[in-house]
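> what's the 3D shape of this:
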Amino acid sequence: MGLAGKVAIITGASRGIGRSVALKLAREGADIVIAAKTTEPDSRLPGTIYETAQEIEALGRRALPIKTNVREEGDIQHMVDATLAAFGRVDIMVNNAGAMWWYPVLETPAKRFDLMIDVNVRAAFLCARAVLPSMITQRWGHIINMSPPIDLSVLPGKVGYFISKFGMTMVALGLAEEVREHNVAVNALWPVTIIESQASINFGLGEPSMWRKPEILADAVYAIVCREPGTYSGQALLDEDVLRAEGITDFDPYNCVPGSQPARIAWDVSAGKTSKS
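Numbers count the residues shown, from 1 in each chain. So this is what the prediction gives:
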């Protein structure tokens, strides 16, 4: 198992992409910290940190569910302190928790803007800062921010959202150089298609034939973190490109509707390499 002995913290891991990443890394041998806010079942929002923990334990791995509001610096520090107390190390940090509001500036209330800044870029910054001392001491670590290559053409109509998401990518690109000498990798990762999630469902982002399953991102995360940190760092990566580098060319198994052809989002990848360095 490629991640035996490793410990991963994943925010937003009670459902969707975060849950898929948690299960994938657990299958590959990692112990998992499930950091999210949902502790009680809700028919409108499936999944809790305890349900994900039970799935991980059923795979034979250790799981630590921690109620975490990533808008609170104290919660983030508690998440890391509890991880170190339980497992003694942090090897992988996946900043997956996210907030979405795809509307123009005039239709974006201050509270929505603040939510996206707090949950997206601020949380990624603080989570990275909190796990780095442990990673630097052990001279091994991966940090992945779920954020896109910087493409300014997508800003109109979604200014607030992309300020927060491109900010996450800037954290990844800049921090990677700050910690490269410590054998800690930092990257951004983003899908090339819309992914089936509560966000795509709630915001009506197309329909299932246009979506891929979250497992494609989970497999891309594993392809990055199973390697030495020097393999990928300081890059804005796309899921399909990462998997193509692993020899995967058939993406139909990831489609929500078999045989469909989900449209590829036209990201400008000039701001970040998409192959191994």
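> What separation is there between the residue nearest to residue 262 when sequence neighbours are not counted and residue 199?
Nearest non-adjacent residue to residue 262, counting by Cβ to Cβ, 6 or more residues apart in numbering: residue 193, 4.1 Å away. C-betas here are computed from N, CA, C, even on glycine. Note on residue 193: its distance to residue 199, by Cβ to Cβ, to the nearest Å, is 14 Å.
> Which of the two has more residues huddled nearby?
residue 193 (22 against 16; other Cβ atoms under 10 Å).
> give me the number of residues near residue 83?
24.
> Just list the residues touching it, thanks.
By Cβ atoms under 8 Å, 6 or more residues apart in numbering, the residues touching residue 83 are 7, 9, 33, 64, 66, 90.
> Which ones among the residues you listed map onto strands?
Counting by DSSP state E, the part of these found in strands is 7, 9, 33, 64, 66.
> Tell me where the stretch 1-150 of the chain has helices.
All helices of the stretch 1-150 of the chain, identified by DSSP state H, counting those that start in this stretch, fall at 16-27, 49-58, 73-87, 110-116, 123-138.
> Using CSV, list the CA coordinates for the second one.
Meaning helix 49-58. The C-alpha atoms that make up helix 49-58 are tabulated as CSV, following Å, rounded to 0.1, in the frame of the first residue of the first chain:
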residue,chain,number,x,y,z
ILE,A,49,-17.8,13.3,9.6
TYR,A,50,-18.7,10.2,11.5
GLU,A,51,-20.2,8.4,8.5
THR,A,52,-17.0,9.0,6.5
ALA,A,53,-15.0,7.8,9.5
GLN,A,54,-17.0,4.5,9.6
GLU,A,55,-16.3,3.9,5.9
ILE,A,56,-12.6,4.5,6.5
GLU,A,57,-12.5,2.1,9.5
ALA,A,58,-14.3,-0.5,7.4
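> Buried residues in that helix, which are they?
Using 16 or more other Cβ atoms under 10 Å as the test for burial, helix 49-58 gives 49-53, 55-56.
> So which helix or strand of the chain has the lowest pLDDT on average?
Among the helical and strand segments of the chain, the one scoring lowest on mean pLDDT, DSSP states H and E is helix 198-202, with a mean of 72.
> any low-confidence regions in the protein?
Low-confidence segments of the chain (pLDDT under 70): 1, 202-204, 266-277.
> Please repeat the previous calculation with a cut-off of 50.
Scanning the chain for pLDDT under 50 picks out 269-277.
> hmm, back to that, from the contacts of residue 83, which single one is nearest residue 27?
If you rank these by distance to residue 27 using Cβ to Cβ, residue 7 comes first, at 15.1 Å.
> Report the contact partners of the residue nearest to that closest one when sequence neighbours are not counted.
Counting by Cβ to Cβ, 6+ apart, residue 7 lies nearest to residue 87, which is 4.5 Å off, once chain neighbours are set aside. Counting by Cβ under 8 Å, 6+ apart, residue 87 touches 7, 31, 33, 62, 64.
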